[in-house]
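Engineer: Based on what follows, work out the 3D shape:
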Amino acid sequence: MQQIDMNSDEFQAELEKTGAFVDKVYNQFGWVPNPNEEVNEGVTMGLARNKLIYGKRFCPCFMVIGETKEEQKAADNRICPCKPAIEKEIPEDGLCHCGIFCTPEYAAEQAQHDEIEEVVHSHSKGLSKEQAQVLLKTEQLDGDELEALIEARNLGMVDFILVDTREHMEFQMGHIVGTDKLVPTSQFYAKVEEELAGKKSENIILYCHSGSRSYQVQQAMNGMGFEKVCNLRPGIIGFSGETQRG
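Structural biologist: Below is the predicted model of the structure:
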């Protein structure tokens, strides 16, 4: 395999050409860069590297199969901008597999999420009302995000129902302060309609010990028509906020 010196004039010249190529693709398809500049930089460098090695800008996120040009063509390696990105990934997901090409809508939403992430994972967890509302649309929350949302709820910025899906004994041993309902997984179908009757359009956040049982409950509730169900993915063991016994 040819070794590429990133500091060589050859590579720097190809990197500049690849940057111009990427800009041309943005303009041609109406796409925009990823809000994360590290993604764009890394993918552009990978494309430039592949251009020097193989003579084509093969997607740097996949292995290039084939030793010869004929074998590489027969293997149908992805060439940027690749067909799967154009026809499926970007229309359906808002970005290509490598992440360098995004729809304007995805980029705007991701930039907003990145801002929220910076807030909730910093020392001060204070969210704006708009940020809290956006975060409530996230299907899988981490401990810091739930802690920030509980703070936002206490300030009257958002409202949601916090549900423990563990068993009664586990709840007694310790639960998150602010828990509204206990719906044990072992009694889920008997309890969910009883405890959450008429709540299918409200924001609901589930948690258990490690996130597995609550994830299963989340999927079941989605199938039952509950519209806004979030899950604490690491469970209570990944939550550093306030808990209590009893």
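
Engineer: and residue 204, that's in a strand?
Structural biologist: Yes - Residue 204: assigned to a strand according to DSSP: H, G, I helix; E, B strand; the rest coil.

Engineer: Could you check the pLDDT of it?
Structural biologist: On the pLDDT scale, residue 204 is placed at 98.

Engineer: For residue 19, see how far away residue 43 is.
Structural biologist: Remark: distance between residue 43 and residue 19 (Cβ to Cβ, to the nearest Å) = 11 Å. All C-beta atoms are positioned from the backbone trio N, CA, C, and that covers glycine.

Engineer: neighbour count winner among the two?
Structural biologist: For residue 43 and residue 19, the more surrounded residue by other Cβ atoms under 10 Å is residue 43, and the numbers stand at 23 against 16.

Engineer: My guess is the more buried one contacts residue 61. True?
Structural biologist: Yes - using Cβ atoms under 8 Å, residue 43 makes contact with residue 61 at a distance of 7.5 Å.

Engineer: Give me the common contacts of the two.
Structural biologist: Common neighbours of residue 43 and residue 61, counting by Cβ atoms under 8 Å, 6 or more residues apart in numbering, are residue 98.

Engineer: list the buried ones in the least confident helix or strand in the chain by mean pLDDT?
Structural biologist: Scoring the helices and strands of the chain by mean pLDDT, DSSP states H and E places helix 104-120 at the bottom, with a mean of 83. Neighbour counts over helix 104-120 (16 or more other Cβ atoms under 10 Å) mark 106-107, 109-110, 113, 116, 119-120 as buried.

Engineer: same thing with stretch 204-215?
Structural biologist: 204-209, 211, 213-215.

Engineer: Run a quick neighbour tally on residue 138.
Structural biologist: Residue 138 - counted by other Cβ under 10 Å - has 16 other residues nearby.

Engineer: so it touches residue 230, yeah?
Structural biologist: Yes - contact status for residue 138 versus residue 230: in contact at 6.2 Å, counting by Cβ under 8 Å.
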